[in-house]
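Undergrad: Sequence first, then the predicted structure, then my questions.
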Amino acid sequence: MKKILSLLMLVIAGWSLTACDESHNDYPMPPVYPQEPVITVDGFQAAVSAAATTPIDLGVMTEDAVKMFTLTTGTLPSGITFENLRIEARPVDKPKSQPHDVMATEDGNVTKEELTNLVYAFYGKKATERTFTAQVLANAVHDKEAQLIYLSDPFTIRITPEKLEDPYYYLFGKATGNVTADNAYKYVMTPIEGNDMAFSYTTKYTARTAGDILVWNISYWKNDYPKKDFSKVYATETKNDKSINGNVVQGNKDNFFIAPTAEYYTFTIDLEALTFKWEKLENQNPTTYTSIAMLLASDNSEIELTAVDPTKHNWYYRHTFASDTDLKFRANHSDDMVWGYGENDKEWNAGIDWAKICTKDKKNITVPAGTYDVYFCDITGAAHFVPVE
């Protein structure tokens with residue numbers, strides 16, 4: 001890279017040839033062309049640390065920050081300051097994407113939160129290693145003009161975000177016209193096999209106006225909703241979007257998911273790809289049952305669930321199992337329609353894996369002793385046992 005004279009004032013003299021802004025609160029990128037070198041200044045550099053180029057696993061990281069570089073600065077001419085020190089990062093598999101600024105301290109530290117936000121800006125929240133090309137930069141500020149200065153050569157950052165401890169995502173809103181904020185938590189979503197960051201929910205979506213659906217993680221619901229904090233809800237990128245698919249963002253609490261038509265759909269949200277889609281059921285007249293119950297293998301008794309949608313296809317009940325229990329799901333108190341899982345009893349232990357898709361005439365499910373929110377969808381066979389803390 002071309003070295004500019006160490007006297008920083010000579011760099012500032014050339015500001016008129018590059019992009020500048022009347023306010024240095026937001027620093028625009030100057031034009032950078034492949035054939036031109038980036039601007040550096042002798043005596044001002046950031047030595048990238050070994051910790052920055054070693055894979056960073058945020059799930060096992062115990063410190064609040066990582067030492068990414070050591071900054072060396074010369075003597076600044078009068079009236080000039082270095083501001084907005086940061087690492088500019090871009091994913092290697094998305095080279096045309098806009099770079100993301102990772103804020104750093106003068107000591108070269110970057111917080112865990114900043115690294116997390118870097119991954120989430122491009123990928124969502126799956127605990128998969130992501131690779132970024134990065135460079136340390138800052139702005140030299142004189143009066144109200146700012147000159148972009150690169151302080152390091154490009155380097156590679158590899159980050160694995162924390163695995164989500166709480167895998168439970170819920171619909172919040174009036175998806176079927178009769179759900180209120182008090183019982184919307186009963187609309188638990190089913191994880192998609194093979195993608196631990198995608199979830200679905202199948203019902204007849206009859207409400208198609210403002211107030212339909214937002215998606216919450218259960219911890220957000222418990223901690224943020226009581227404070228009316230909607231910054232972590234998932235919504236559509238575009239308000240009033242009734243498209244069959246689209247993009248997902250966080251925090252847009254007025255951008256509800258709205259079904260394309262008032263019919264039966266499976267709604268799927270992918271928090272890895274940050275997308276959603278609606279899949280209309282071919283059968284718009286699924287079999288309706290008057291009751292769904294847990295059938296206990298020990299004595300053939302039943303524990304009835306309560307319908308949570310007016311079409312009676314999604315069911316819920318909170319129950320405490322005093323001891324380990326084997327069970328299936330049964331419709332209309334009849335053995336004509338019984339759902340289980342696997343070819344052998346106890347293939348599914350609900351204490352290890354909280355959600356599965358059950359099918360007709362399969363085997364008993366084992367539920368360890370404890371209190372659970374139990375959910376069942378008689379259209380898809382999706383069964384859920386969410387432990388109650």
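TA: Yep, it's here. Since the model is a prediction, treat every value here as computed from it, not as a measurement. Numbers count the residues shown, from 1 in each chain.
Undergrad: Give me the below-cutoff pLDDT ranges for this protein.
TA: Along the chain, segments meeting pLDDT under 70 span 1-42, 164-165, 174-186, 207-211.
Undergrad: again, 80 this time
TA: 1-44, 73-80, 124-127, 143-144, 146, 163-166, 172-186, 194-196, 206-212, 389 (pLDDT under 80).
Undergrad: Could you chop it up by domain?
TA: Under the assignment automatic domain parsing, the domains of the chain span 8-160, 169-280, 292-387.
Undergrad: wait, which of those is closest to Pro286?
TA: Pro286 sits nearest to domain 292-387 of all the domains of the chain, at 5.0 Å, using CB to CB. Quick note: C-beta positions are derived from backbone N, CA and C, even for glycine.
Undergrad: how far does the closest one stretch from start to finish?
TA: One end of domain 292-387 sits 20 Å from the other (CA to CA, to the nearest Å).
Undergrad: again with stretch 134-152
TA: 9 Å.
Undergrad: So what's the gap between that stretch and the chain middle?
TA: Averaging C-alpha positions (CA atoms, centre = their mean, to the nearest Å) puts stretch 134-152 32 Å from its chain's average.
Undergrad: what does stretch 59-66 give?
TA: Relative to its chain's centre, stretch 59-66 lies at 20 Å (CA atoms, centre = their mean).
Undergrad: Can you give me the first-to-last residue distance of it?
TA: Start-to-end span of stretch 59-66 (CA to CA) is 13 Å.
Undergrad: Redo the domains of the chain as a markdown table? Include mean neighbour count and distance to Pro286.
TA: Listed next are the domains of the chain as a markdown table, based on neighbours: other CB atoms under 10 Å; distance: least, CB to CB, whole Å:
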| stretch | mean neighbour count | distance to Pro286 |
| --- | --- | --- |
| domain 8-160 | 16 | 32 |
| domain 169-280 | 18 | 7 |
| domain 292-387 | 17 | 5 |
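Undergrad: Please identify the helix or strand for the spatially closest residue to Gln98 that is not a sequence neighbour.
TA: The shortest distance from Gln98 to any non-neighbouring residue, by CB to CB, 6 or more residues apart in numbering, is to Arg90 (7.8 Å). For Arg90, the host element (DSSP states H and E) is strand 80-91.
Undergrad: Which strands border that strand, and is each parallel or antiparallel?
TA: Next to strand 80-91 in the sheet, as set by DSSP bridges, lie strand 100-103 (antiparallel), strand 130-142 (antiparallel).
Undergrad: when you compare where the helix ranked longest in the chain runs with where strand 80-91 runs, what's the angle?
TA: Using DSSP state H, we find that the single longest helix of the chain is helix 112-123. Here the directions of helix 112-123 and strand 80-91 differ by 50 degrees (axes from the mean of the first three to the mean of the last three CA atoms, to 10 degrees).
Undergrad: packing partners for helix 112-123?
TA: The contact analysis (3 or more CB pairs under 8 Å, 6 or more residues apart in numbering; DSSP states H and E) places helix 112-123 against strand 65-67, strand 80-91, strand 100-103, strand 130-142, strand 155-160.
Undergrad: Could you list the residues in contact with the first one?
TA: In other words, strand 65-67. Residues outside strand 65-67 that contact it (CB atoms under 8 Å, 6 or more residues apart in numbering): 49, 51-52, 56, 105, 107-112, 115.
Undergrad: The same query, at a cut-off of 6 Å, please.
TA: Applying CB atoms under 6 Å, 6 or more residues apart in numbering, the contact partners of strand 65-67 are 49, 51, 108-111.
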